[in-house]
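*Asks:* The following block contains a protein sequence and its predicted model.
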Amino acid sequence: MNILLIHPPSANPLLDQVYMHEPLALEYLGAGLKEDGHDVMILDARIDGNIAAAIHQFRPDIVGLTAFTNHVTIVKNIAETLKRLNPGVLVVVGGHHATVCPTDFNVSNIDLAVVGEGVQALREIVICAEKGAGFATISGLGLVQPEGEMHLTATRPYTPLDELPLPDRSLTRHYRRHYFAEWLQPLASIRTSLGCTSRCNFCALWPITDGKYLRRSVAAVVTELKTIEEPNVFFCDDESMCDVSRMDALADAIAAAGIRKRYFLYARADTVIANPELFVKWQKIGLAQVFVGLESFSDVRLNQLHKGISVAQQQQAVRILHDLGLIVYANFMVDTDFSREDFACLTDHIRQLALRHVGFSVLTPLPGTELYRQRQHELTTLNPELFDMVHAVLPTRLPLPEFYRQMLSLYTEALPLSRTLRTLTRYGPVRIWKQLALFVRFSRYLKQAHLET
């Protein structure tokens with residue numbers, strides 16, 4: 001059978017110019033389907049939005065779509081287009097949002113929603129489709145019934161990660177030069193684990209695996225790393241370093257295999273503090289950048305987020321990473337309850353930490369999180385495209401126009417100009433001007449964001 005896998009475009013294409021990671025989940029799906037002898041095509045609609053051309057040229061029997069929350073409406077519109085072009089095509093939706101809220105896809109132009117791990121589920125779907133059989137015996141599905149309630153089949157346990165095929169990156173070969181994170185380009189992504197040991201109330205990653213932390217073996221990760229051509233590798237784990245002994249062994253195995261890349265991964269502040277020698281070892285084998293979710297400027301607010309760290313730990317972790325010469329990409333949550341004084345305190349906190357690279361996310365109750373269960377009754381909008389961590393979907397203490405002006409001031413005032421310029425030089429002489437132009441466009445967008453909320 002011909003199976004087309006589509007990564008949808010973003011609601012705001014401007015955000016795709018900040019970073020764009022390869023559609024790793026689709027590469028996993030494609031690998032499993034190709035093992036079964038099927039023809040597979042991946043269409044990355046962030047780069048190539050001509051879905052009609054792909055349908056006419058490839059003539060798929062089945063189309064698989066992946067979606068985060070802010071893709072819900074976009075995916076429904078794509079499904080409508082697919083059914084108009086070919087009413088007989090089987091449309092399957094999976095990904096994060098289908099796992100936490102499958103009933104949002106209980107619409108006439110979608111046939112099935114995959115809840116949880118999709119590689120084995122999609123293989124079984126294709127087998128049933130070939131036989132002309134029903135899908136009710138397949139675990140981990142939502143059977144669409146537009147005139148009634150979606151029927152959910154038995155829960156599918158996650159497949160042990162080492163039993164999954166290696167992602168087939170040949171399916172995105174013609175897109176690969178476009179994938180990047182900040183100055184790291186070209187960039188490949190690799191997953192070595194799934195889930196997280198922490199319990200932050202704004203995160204849906206640990207509930208998806210029922211709180212379990214699933215791991216790939218060191219040997220399996222090294223085998224995959226040997227197949228990656230790009231010089232830069234992003235570890236897209238929910239949290240990479242919490243199994244310290246495994247990551248220590250992985251560093252040794254990478255060194256022994258003679259693999260030399262630049263690595264970018266996630267780590268918690270308390271993990272850094274407890275295991276500085278681990279980061280020394282990883283720095284020696286190519287670790288260049290560490291994403292650390294610092295989230296807030298006060299212990300009170302950190303406790304409200306169930307973050308499990310303190311401001312003192314933030315300071316110690318940043319100091320350790322800076323002393324190793326590692327780039328700290330720190331992210332902070334901007335609470336919609338912020339006052340002017342709170343914005344000023346966050347600005348001061350960032351300056352005191354001597355950070356050089358910072359990102360900001362508006363605190364958003366995403367479906368599947370404890371925060372959503374607590375505060376969904378307060379939501380000011382149900383438009384899924386606004387659940388992008390840029391727009392405020394909860395009431396703001398400040399008037400909306402001022403809230404976004406204060407958001408913009410974080411980008412312009414929290415980092416001294418000298419640090420900003422040092423960061424920009426990493427892009428090289430060609431891309432630095434593109435980044436400056438992008439910031440100007442993003443600034444204009446943020447000033448107008450209140451009109452969309």
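*Replies:* On my side now, so go ahead.
*Asks:* what are the ranges of the strands in the stretch 1-150 of the chain?
*Replies:* Along the stretch 1-150 of the chain, counting by DSSP state E, counting those that start in this stretch, strands occupy 2-7, 19-20, 39-44, 62-66, 90-94, 112-114, 141-143.
*Asks:* Same question for the stretch 201-350 of the chain.
*Replies:* 214-215, 232-235, 262-266, 287-295, 327-334.
*Asks:* Now the weakest link among the strands of the stretch 1-150 of the chain, please, by mean pLDDT.
*Replies:* Confidence, taken as mean pLDDT, is least for strand 19-20 of the strands of the stretch 1-150 of the chain (a mean of 94).
*Asks:* Name every strand pairing with that strand and say which way it goes.
*Replies:* Strand partners for strand 19-20, identified by DSSP bridges, are recorded as strand 180-181 (antiparallel).
*Asks:* How about S198, nearest residue that isn't a chain neighbour?
*Replies:* Spatial nearest neighbour of S198, excluding adjacent residues (CB to CB, 6 or more residues apart in numbering): G308 at 5.9 Å. (Glycine included, C-beta is placed from N, CA and C.)
*Asks:* related to what we said a few turns ago, closest one to M389 among the strands of the stretch 1-150 of the chain?
*Replies:* Among the strands of the stretch 1-150 of the chain, the nearest to M389 by CB to CB is strand 19-20 (12.7 Å).
*Asks:* chain center to that closest one: distance?
*Replies:* Centroid displacement of strand 19-20 relative to its chain, using CA atoms, centre = their mean, to the nearest Å, is 10 Å.
*Asks:* contacts for that strand?
*Replies:* Here strand 19-20 makes contact (CB atoms under 8 Å, 6 or more residues apart in numbering) with R46, H178, Y179, F180, A181, E182.
*Asks:* list the contacts for the residue nearest the centre of the chain?
*Replies:* The centre of the chain sits closest to C236, judged by CA atoms, centre = their mean, with a distance of 7.6 Å. Contacts for C236 were tallied using CB under 8 Å, 6+ apart; they are H21, L24, S189, I190, R191.
*Asks:* The fourth one contacts K226, correct?
*Replies:* Just to be clear, that refers to I190. No: the pair I190 and K226 fails to qualify as a contact (CB atoms under 8 Å) at a distance of 11.2 Å.
*Asks:* Tell me which of the two has more neighbours.
*Replies:* For the pair I190 and K226, the greater number of neighbours falls to I190 (22 against 11), based on other CB atoms under 10 Å.
*Asks:* how close does that one sit to D16?
*Replies:* For I190, the distance to D16 (CB to CB, to the nearest Å) stands at 21 Å.
*Asks:* Check Q376 too.
*Replies:* Distance of Q376 to D16, given as CB to CB: 28 Å.
*Asks:* got it, and T66?
*Replies:* When T66 is compared with D16 (using CB to CB), they lie 15 Å apart.
*Asks:* Which one of those two is surrounded by more residues?
*Replies:* Each of T66 and D16 has its neighbours counted (other CB under 10 Å); T66 has more, 23 against 13.
*Asks:* how about the strands of the stretch 1-150 of the chain in JSON lines, adding distance to F442?
*Replies:* Supplementary listing: the strands of the stretch 1-150 of the chain in JSON lines, determined by distance: least, CB to CB, whole Å:
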{"stretch": "strand 2-7", "distance to F442": "22"}
{"stretch": "strand 19-20", "distance to F442": "13"}
{"stretch": "strand 39-44", "distance to F442": "22"}
{"stretch": "strand 62-66", "distance to F442": "25"}
{"stretch": "strand 90-94", "distance to F442": "30"}
{"stretch": "strand 112-114", "distance to F442": "33"}
{"stretch": "strand 141-143", "distance to F442": "36"}
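*Asks:* Compute the number of surrounding residues for P160.
*Replies:* 11.
*Asks:* for T420, same thing?
*Replies:* Using other CB under 10 Å, the number of residues around T420 comes to 16.
*Asks:* any idea of the angle the host helix or strand of it forms with strand 327-334?
*Replies:* Per DSSP states H and E, T420 falls inside helix 417-424. With axes from the mean of the first three to the mean of the last three CA atoms, to 10 degrees applied, the angle from helix 417-424 to strand 327-334 works out at 120 degrees.
*Asks:* Would you indicate which residues of helix 417-424 are buried?
*Replies:* R419, T420, T423, L424 (16 or more other CB atoms under 10 Å).
*Asks:* Roughly how far does L171 sit from H7?
*Replies:* Distance of L171 to H7, given as CB to CB: 11 Å.
*Asks:* tell me, what's touching these two both at once?
*Replies:* By the contact definition CB under 8 Å, 6+ apart, L171 and H7 are jointly contacted by L26, I42.
*Asks:* How about the contacts made by Y266?
*Replies:* Counting by CB under 8 Å, 6+ apart, Y266 has contacts F235, D237, D238, E239, S240, M241, V290, F291, V292, G293.
*Asks:* burial of the fifth one, as a residue count?
*Replies:* When you say that, I think you mean S240. By the criterion of other CB under 10 Å, S240 has 24 neighbours.
*Asks:* what's the burial count for the closest residue to it other than its chain neighbours?
*Replies:* Nearest residue to S240 in three dimensions, chain neighbours excluded: L265, at 4.1 Å (CB to CB, 6+ apart). Per other CB under 10 Å, the neighbour tally for L265 reads 21.
*Asks:* L265 against I285, yeah?
*Replies:* No: using CB under 8 Å, L265 makes no contact with I285, being 12.0 Å away.
*Asks:* What does the pLDDT read for N109?
*Replies:* 97.
*Asks:* same deal with I320?
*Replies:* Note for I320: predicted pLDDT of 98.
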